[in-house]
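# Based on what follows, work out the 3D shape:
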Amino acid sequence: MTKISKIEIEKSIFIVRKQKVMLDSDLARIYGVTTKNLNKSVKRNSDRFPLDFMFQLTTLEADNLRFQTGTSSSYGGRRYSPYVFTEHGALMLAGVLNSDIAIEASIQVVRSFIQLREFVISHKELSRKLSDLEKKYDSQFKVVFEAIEQLMTIPEVPPKKIGI
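Below you'll find the model as predicted:
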């Protein structure tokens, strides 16, 4: 198996039902197994995969995701909607699949989820700080903003008379 890059893993993380998830087919590719075998392993160990670890997409969700990712239509493809796994479900898969490849890949998957979470947290903090600055300095720069608005407005020029 060729090692999957961290960037490839990050591109395989999607938001569905306000949760960061990965498709069963992407995880199968990362873990070096077929999607069919991955899903069989999950079904044999269904007690390890509660709804907050994994769920099946609705037809509409699958179609929306297919549209976002630019994958082909369902013709000749899957007969059912794919399963998606949250960070915890992706980690649980490593234990279920129980191979060196799965363990190594799960570490990369978890690191990608963690990095994404840190990015989201820092983005929220940056937005909050910017909002605080706007509130703090809005009154001090009000005169400046008003002056800029006056400079930007075009004065109305009365139309010139034509003729005598």
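# So for residue 17, what's the pLDDT?
For residue 17, the pLDDT comes out at 90.
# Would you list the phi and psi of it?
phi 50, psi 40 (degrees, to the nearest 10).
# Output the below-cut-off pLDDT ranges for the protein.
Within the chain, the segments meeting pLDDT under 70 span 1-3, 68-77, 126-127, 129-164.
# Helices along that one, start to end?
Counting by DSSP state H, the chain has helices at residues 6-11, 24-31, 35-44, 59-69, 87-97, 100-138, 142-152.
# what's the most buried one of those helices?
helix 24-31 (a mean of 23; mean count of other Cβ atoms under 10 Å). For every residue, glycine as well, the C-beta is placed using N, CA and C.
# now the angle from that one to helix 59-69?
For helix 24-31 against helix 59-69, the angle by axes from the mean of the first three to the mean of the last three Cα atoms, to 10 degrees is 50 degrees.
# same for helix 24-31, what does it pack against?
When contacts are defined as 3 or more Cβ pairs under 8 Å, 6 or more residues apart in numbering; DSSP states H and E, helix 24-31 sits against helix 35-44, strand 83-85, helix 87-97, helix 100-138.
# quick revisit: export the helices of the chain to TSV and tack on distance to residue 53?
TSV is the format used below for the helices of the chain (distance: least, Cβ to Cβ, whole Å):
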stretch	distance to residue 53
helix 6-11	18
helix 24-31	12
helix 35-44	10
helix 59-69	17
helix 87-97	4
helix 100-138	13
helix 142-152	50
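# right, and the ones you listed - which one's nearest residue 51?
Nearest to residue 51 among these is helix 87-97; the distance by Cβ to Cβ comes to 9.7 Å.
# Need the contact partners of that closest one.
In this structure, residues lying in contact with helix 87-97 by Cβ atoms under 8 Å, 6 or more residues apart in numbering are 20, 22, 27, 31, 33, 38, 41-42, 44-45, 48-49, 52-54, 85, 102-103, 105-106, 109-110, 113.
# for stretch 107-122, same thing?
4, 6, 9-10, 13, 20, 22, 27, 30, 87, 90-91.
# got it, and stretch 33-52?
Contact partners of stretch 33-52, identified using Cβ under 8 Å, 6+ apart, comprise 24-25, 27-28, 31, 54, 83, 85-86, 88-89, 92-93, 95-97, 102.
# Swap in 6 Å and give it another go.
If you take Cβ atoms under 6 Å, 6 or more residues apart in numbering as the criterion, stretch 33-52 is touched by 24-25, 28, 89, 92, 96-97.
# Kindly report the same for stretch 8-21.
By Cβ under 6 Å, 6+ apart, the list of residues contacting stretch 8-21 reads 22, 26, 84, 86, 108-109, 112.
# Brilliant, that's me finished.
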